[in-house]
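K.L.:
can't give you the sequence, but here's the structure:
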């Protein structure tokens, strides 16, 4: 289970990844994950392996098991230096891990967020992409060490809310459901897209907007989502509290379809 | 020559590196490089191996050889997730490569730079550090494919000059030698420090400042430097030309001490 130390994924974080649940050997929302993986590879000019190749990898490693698949695609191996040859061959890595055991309470009573001090930097050429340059997330996650905190909310230097370290954010204002624009920073997750689609079925008007923190704190309901836990309502952030409501449950029911 | 795929250097670019020449088994400017490595590890809360351990690695791999050493220190291996345990053990990688054969003309007649379109993002928590999140450098280096171009000049989104993709920048105005402040982005190289020290011996007044591109273009002399080639004068950038002068040669002579 080794990778060449000449792989540019190590040297430069020159690659992308996805994390997704696998249930009884079947990768969940596979088409959406593969579409994102392909999009992200293209954005970095990395050759994305065919879906069939990756599905074969998953089949081989998981057979009929349930767990989490992490797929990493790197640009491949090269000699020292930032440049790379046109015919460089991408490498792929598949890592299997056990399904995380989230506290049932997160679904029933909601979760608490830490407000991160670190601000995400603006890089429009990388915004939205789930690439391997994740030191900001690592540093942000290191800001708290309290198992009662589910995730950390990240802003940019203009106090705009962007995402959490491992999840995307939605805020409901009446019948409007708003999620941060990710054209300067942040990762556009598959579950974010699925929530956008699902919310329309719940008669919510969904939009992507710049959301200042002060505005977020006025939301009627605050949600975070990712591919592993689905949707959680946020009930505590910066000494502000929200009553547990029903939108997260409704969206989780839709996501199970 | 493999690394675990669970190493956080691959997963998140969670580590730092140095590149330095080794002459007949002896790593050049070792104390300065180790000091930077230690500083950069500390900035990311990564345990830096003792200098003696790294010197032993170099001794074992190079014996009496000449070439380039690339040292990578990662935070180590962990389970999936941005968090890491307090007792995580760093991993180290040493890669030996042949010395690059730079064109003699670069030293005699100076070099041409490409002006990069990509803008470096501001992240004060990572500024100056030679970490493994280098996708910006990879993308910037991909902007040109002309072997007559020595490097690409990078600005931030405010049109401030920061560095080149693989070198630091100096601009001489009369007896003042100015290099960009690296408190928002960029990598502070060892040779940058050595040029700062050397320039004082040449009766130049050295300072770190914000340098708008328009101001840089007015410089009497423009230089780039790194640990492998030393110092080159820039004689062409964005259809502006500079006569070859003597500062690069003087600095290279000092760097040989």
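P.N.:
That came in fine, so what should we check first? Note that the structure is a prediction, hence the values are computed from the model and not measured. Residues are numbered from 1 along each chain as shown, chains lettered A, B, ... in the order given.
K.L.:
how about the single nearest residue of the stretch 1-150 of chain A relative to chain B: which residues does it bridge to?
P.N.:
Using C-beta to the nearest C-beta, the closest approach of the stretch 1-150 of chain A to chain B is made by residue A:2 at 2.6 Å. Placement of C-beta: from N, CA and C, glycine included. Beta-bridge pairing of residue A:2 under DSSP bridges involves residue B:4.
K.L.:
so which residues of the stretch 1-150 of chain A form helices?
P.N.:
In the stretch 1-150 of chain A, the helices defined using DSSP state H, counting those that start in this stretch lie at A:8-12, A:30-43, A:51-62, A:104-109, A:135-141.
K.L.:
return the most buried member of those.
P.N.:
Among the helices of the stretch 1-150 of chain A, helix A:8-12 has the highest mean neighbour count (mean count of other C-beta atoms under 10 Å in any protein chain shown), at a mean of 27.
K.L.:
for that one, name the packing helices and strands.
P.N.:
strand A:67-74, helix B:8-12, strand B:67-74, helix B:135-141 (3 or more C-beta pairs under 8 Å, 6 or more residues apart in numbering or on different chains; DSSP states H and E).
K.L.:
what residues does the shortest one touch?
P.N.:
Put plainly, it is helix B:8-12. Here helix B:8-12 makes contact (C-beta atoms under 8 Å, 6 or more residues apart in numbering or on different chains) with A:3, A:7, A:9-10, A:13, A:17, A:72, A:74, A:93, A:132-135, A:137-138, B:3, B:14-15, B:72, B:74-78, B:80, B:82, B:84, B:91, B:93, B:132.
K.L.:
where in chain A is the helix or strand with the lowest mean pLDDT?
P.N.:
strand A:2-4 (a mean of 84; mean pLDDT, DSSP states H and E).
K.L.:
how far is that one from where the chain is centred?
P.N.:
Offset of strand A:2-4 from its chain centre (C-alpha atoms, centre = their mean, to the nearest Å): 25 Å.
K.L.:
cool, stretch A:4-17 as well?
P.N.:
For stretch A:4-17, the distance to the chain centre is 20 Å (C-alpha atoms, centre = their mean).
K.L.:
can you list the buried residues in the least confident helix or strand of chain A?
P.N.:
Within strand A:2-4, the residues that count as buried by 16 or more other C-beta atoms under 10 Å in any protein chain shown are residue A:3.
K.L.:
picking that back up, dump the helices of the stretch 1-150 of chain A into JSON lines; add distance to residue A:172 and mean pLDDT as well.
P.N.:
Listed next are the helices of the stretch 1-150 of chain A as JSON lines, based on distance: least, C-beta to C-beta, whole Å; pLDDT from 0 to 100:
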{"stretch": "helix A:8-12", "distance to residue A:172": "38", "mean pLDDT": "97"}
{"stretch": "helix A:30-43", "distance to residue A:172": "23", "mean pLDDT": "98"}
{"stretch": "helix A:51-62", "distance to residue A:172": "35", "mean pLDDT": "98"}
{"stretch": "helix A:104-109", "distance to residue A:172": "18", "mean pLDDT": "97"}
{"stretch": "helix A:135-141", "distance to residue A:172": "24", "mean pLDDT": "98"}
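K.L.:
of these, give the one that comes closest to residue B:64.
P.N.:
helix A:8-12 (26.7 Å; C-beta to C-beta).
K.L.:
as JSON lines, the helices and strands packed on helix A:8-12 with distance to residue A:147 would be great.
P.N.:
Below are those laid out as JSON lines (distance: least, C-beta to C-beta, whole Å):
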{"stretch": "strand A:67-74", "distance to residue A:147": "19"}
{"stretch": "helix B:8-12", "distance to residue A:147": "21"}
{"stretch": "strand B:67-74", "distance to residue A:147": "26"}
{"stretch": "helix B:135-141", "distance to residue A:147": "32"}
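K.L.:
quick one: which of those is nearest residue A:128?
P.N.:
That would be helix B:135-141 among those, by C-beta to C-beta, at 13.4 Å.
K.L.:
what does that closest one contact?
P.N.:
A:8, A:12-14, A:44, A:75, A:81-84, A:123, A:125-126, A:131-133, B:116, B:118, B:120-121, B:152, B:154, B:165-166.
K.L.:
buried ones among those?
P.N.:
Buried, going by 16+ other C-beta under 10 Å: A:8, A:12-14, A:44, A:75, A:82, A:84, A:123, A:126, A:131-133, B:116, B:118, B:120-121, B:152, B:154, B:165-166, out of the contacts of helix B:135-141.
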